[in-house]
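Peer 1: kindly generate the corresponding structure for this input.
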Amino acid sequence: MSDPTYFFAPIGVVRSSLRSAKAAPKQGSEGAPTAWIELDSRFAEAVLGLTIGDQLILLTWLHEARRDLQLVHPRDDLSAPLKGVFATRSADRPNPIGLHPVILLAVEGLRLNVGPLEAIDGTPVLDLKPAL
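Peer 2: Numbers count the residues shown, from 1 in each chain. Next up is the predicted model:
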């Protein structure tokens, strides 16, 4: 297999009360707070058509994740048998892309309030899509 290089430019950043991965729930539905997505000004027109209550899929770059692990204990439970990262939702993986189902709660210019979101403050946002 060839080894191409791809470049991803974040469209924004997560602003959250969650400051560390250890403090964050494993999934948004497990008690995550709401958070703000601050979009880059280049994407001002991209918010057209978003409506409060929309179900969205937020794609993030889990910037603090390890990229060198292939085996993990699911949910960091050391009593659970090791599994390959592709069989888990672990943040630690070759390309740590986060997939977060959220609901759009408010739009204030280039700021989107969404929740629940388990991503920590400063997490780069790669994309935002409607959940179909």
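
Peer 1: and the biggest strand by length in the chain, what does it pack against?
Peer 2: Ranked by residue count and defined by DSSP state E, the top strand of the chain is strand 97-108. Where contact means 3 or more C-beta pairs under 8 Å, 6 or more residues apart in numbering; DSSP states H and E, strand 97-108 is packed against strand 55-61, strand 111-115. From N, CA and C alone the C-beta is placed, and that goes for glycine too.

Peer 1: moving C-terminal of the last one, what's the next helix or strand?
Peer 2: Read in the C-terminal direction, the helix or strand following strand 111-115 is strand 124-130, with elements assigned using DSSP states H and E.

Peer 1: pull the residues that contact that next one.
Peer 2: Defining contact as C-beta atoms under 8 Å, 6 or more residues apart in numbering, one finds that strand 124-130 is touched by 8, 10-14, 37, 39, 54-61, 63, 97, 112.
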